[in-house]
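Asks: the following block contains a protein sequence and its predicted model.
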Amino acid sequence: MAADSMVQLVSYLAAQQPYEIVGTPESEWVDFKSVPLEGPYDLGTDKGKFELAKDVAAFSNAGGGLLVCGFKAKKKQTELYEVAEKVTPFDKKLVDSTKYKDVITEYVRPLLKVKFFWYDHPEGDPKVSGHYFVIEVPALPEADRWAMVTRGITDNGQFIKNSWTVPIRNGDTTAFLPQDEVYRLLNDGLRARRGADVGVPASAADRVKAREVLRADLGMEGTPVLFFQSVPDHPRGLVPGMYADGGLRDVLSDQDTLRGAHAFNWSSAYKRPEPREGGLLLTDAPRRGLLVELDGAVTGAAVATSEMLGWAMERYYGGGARRISVFVLTEITLEYFRLVDQHILPLVDSPWTHRIVASDFTHSPGRALAPGDDQAFPFRGSPQLATSDDWNHSWKALGDPERDAYEALRHIYALFGLDVTANPFVDKDRVATAKLLEKKK
């Protein structure tokens, strides 16, 4: 048996049926704690205090949950999460609920109305005896988020003064609010205190750190890279169903592309997305990669060499600047917004901001783009050199892949001193999917 909700789990404990809980996986609403000699949390140490405060704050930043003390949980090779595998009831003297309240009051902000409950193990059990201790953590209303722990912790288990962290329950583990999101929240608060215009929405944070992380993972340091980024203006915390069946991980694993995994898009025929700090990372080094952060923010990186954006160009165009393929640029741009606009934007109820960043495009030998379509050898037309090494422009997401792709190309073409109408796959204010597919028939 297993409990499939907080109500059912508590009902099993109240009815003195703890064995019915064995087999329950840890999740976004329950965490099991076995009980060593010092109790579920060793409140005589900084580490024990931090763990209690972290677990409480993490549940409050998600949907609320239960910390159930008196069950041993273990992850098996055939399971995704740790599962309650053994009852371990214990003596009540191992928990001083007043000290638990004091730790939560001192180290968690804002103050939370946490409840404590004791449940008895059935008498007459020849194997074990004792009690179960349950901490019920309420969900913090979105208007009051985020709950924070007012201390950080060292690797040696010592508190760090003048530090803090924002934990979030993520499946059966704990993730932490990204630094860029913390920065945005602080800036929003400062703007409000300074009397910023009420009617002007706060702009989404520029996720510089995400670009740096993805670039390093792909081994693209010192190489020209085109980044695509999409960030919710008002993140809601952990995106629901990130790792669930049919969720975002499955969407990235089996993308609905225009021409299959071997064309110019963001899918991979060889790799599955892997968990990364509450989000997902899908890499295809040295060509491209996608990073989805826990709040849904997306960063895509495509290398501006013959491995991707310059595909089939350098073999014919030997000297001078490296030419970018118009077809490849257009297809991978459209595919990014087909993925993000259709499958990720709907997960967060917020306006979104899209961004393109062209990095190191003027580094010798430089990158060039020509008006019109890609030409067969010998190349004709007038390729134009990139004019900036740090081209960074954003716009409010339109939610229509063809129109957002047009906006991205409009900013990219401007980097080369070209108008987007020079792109043969553009039709008025959008990229025409039909024109792109017709090219490869």
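Replies: Perfect, thanks for sending it. Numbering: from 1, shown residues only.

Asks: state the distance from the residue nearest to the spatial centre of the chain to Glu106.
Replies: Centroid-nearest residue in the chain: Glu293, 1.7 Å away (criterion: CA atoms, centre = their mean). Going from Glu293 to Glu106 by CB to CB, to the nearest Å gives 31 Å. Using the backbone N, CA and C atoms, a C-beta is placed for each residue, glycine as well.

Asks: how about the residue nearest to the centre of the chain: what's its closest non-neighbour residue?
Replies: Sequence neighbours aside, Gly279 is the residue nearest to Glu293 in space, at 4.4 Å (criterion: CB to CB, 6 or more residues apart in numbering).

Asks: again, but for Arg338
Replies: Nearest to Arg338 is Pro401, by CB to CB, 6+ apart, at 4.4 Å.

Asks: can you give me the neighbour number for that neighbour?
Replies: Pro401: 21 surrounding residues under other CB atoms under 10 Å.

Asks: mind checking how far it is from Asp46?
Replies: When distance is defined by CB to CB, Pro401 is 50 Å away from Asp46.

Asks: does Gln158 touch Gly48 like I think?
Replies: No. Counting by CB atoms under 8 Å, Gly48 is not a contact partner of Gln158; they are 12.0 Å apart.

Asks: higher neighbour count, those two?
Replies: Applying other CB under 10 Å to Gln158 and Gly48 shows that Gly48 carries more neighbours, namely 17 against 14.

Asks: now the more buried one: how far from Val35?
Replies: Remark: distance between Gly48 and Val35 (CB to CB) = 13 Å.

Asks: ok, now Asp295?
Replies: Taking CB to CB as the measure, Asp295 falls 34 Å from Val35.

Asks: ok, Thr223 next?
Replies: Using CB to CB, we find Thr223 at a distance of 53 Å from Val35.

Asks: of the two, give the one with the bigger neighbour count.
Replies: Legend: neighbour count by other CB under 10 Å for Thr223 and Val35, higher for Val35 (21 against 17).

Asks: local confidence estimate at the more buried one?
Replies: Val35 carries a pLDDT value of 92.

Asks: and what of Gly320?
Replies: Note for Gly320: predicted pLDDT of 61.

Asks: kindly report the same for the one 5 residues further on.
Replies: According to the predicted model, the pLDDT of Ser325 comes to 93.

Asks: and the contacts of stretch 225-232?
Replies: Contact with stretch 225-232 is made by 204-207, 210-211, 214-215, 295-304, 309, 329, 333, 336, 340, 344-345, 348, 350-360, 397, 408, 412, as judged by CB atoms under 8 Å, 6 or more residues apart in numbering.
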